[in-house]
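# for reference, the sequence and a predicted model appear below.
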Amino acid sequence: MIEATIPASEIEHVKPERTGTIGGTAEKAMGMEDFLRLLTTQIANQDPMEPMKDTEFIAQMASISSVEQMQQFATSFKDFTASHREIAAQAYLGKQVTAQDGESAPITGIAQAVEKGTGGELLVTVNGQTFPAASITKIELVEKN
């Protein structure tokens, strides 16, 4: 592996591209630009008597490609799961559902509407009251006479 001294002043300027939470833990994702900046700094500060071998450089470039592909996959998967939730919530329409808001008795009625809230959460309207889709505890087919 290559040992390089990187001035702290250069590292301080590398900021995470985005932050978020996954399962309640903070996630900091390094962007492609940050990764390239670190690689460039590493190459610029390498020992000229022992430069990076071609195979090491190729491995570094493969790492860049791998990181980029993982970021694209994560974004695509996030979009896919959001679409899946929306489709699943639309399946509630016209069905008898039971919603529990945690504060009062469960409400049972026909799901009349599905919409996206201001925060992006899915909301279902039952008997004129709006509930988060996650609060639906039961779904039943309505028997037609």
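Ah, there it is.
# got the contact list for the nearest residue to Gly109 once chain neighbours are set aside?
Nearest non-adjacent residue to Gly109, counting by C-beta to C-beta, 6 or more residues apart in numbering: Asn127, 3.8 Å away. Any C-beta I mention is one placed from the backbone N, CA and C, and that applies to glycine too. Neighbour list for Asn127: Ile107, Gly109, Ile110, Gln112 [criterion: C-beta atoms under 8 Å, 6 or more residues apart in numbering].
# got CSV for the residues you listed, with secondary structure too?
As requested, those are exported to CSV (DSSP: H, G, I helix; E, B strand; the rest coil):
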residue, secondary structure
Ile107, strand
Gly109, strand
Ile110, strand
Gln112, strand
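# just the closest of these to Ser83, please.
Minimum distance to Ser83 across the contacts of Asn127 is 22.3 Å, recorded for Gln112 (C-beta to C-beta).
# enumerate every residue touching the nearest residue to that closest one once chain neighbours are set aside.
Excluding the flanking residues, the one nearest Gln112 by C-beta to C-beta, 6+ apart is Thr125, at 4.7 Å. By C-beta under 8 Å, 6+ apart, the contact list for Thr125 reads Ala111, Gln112, Ala113, Val114, Glu115, Phe131.
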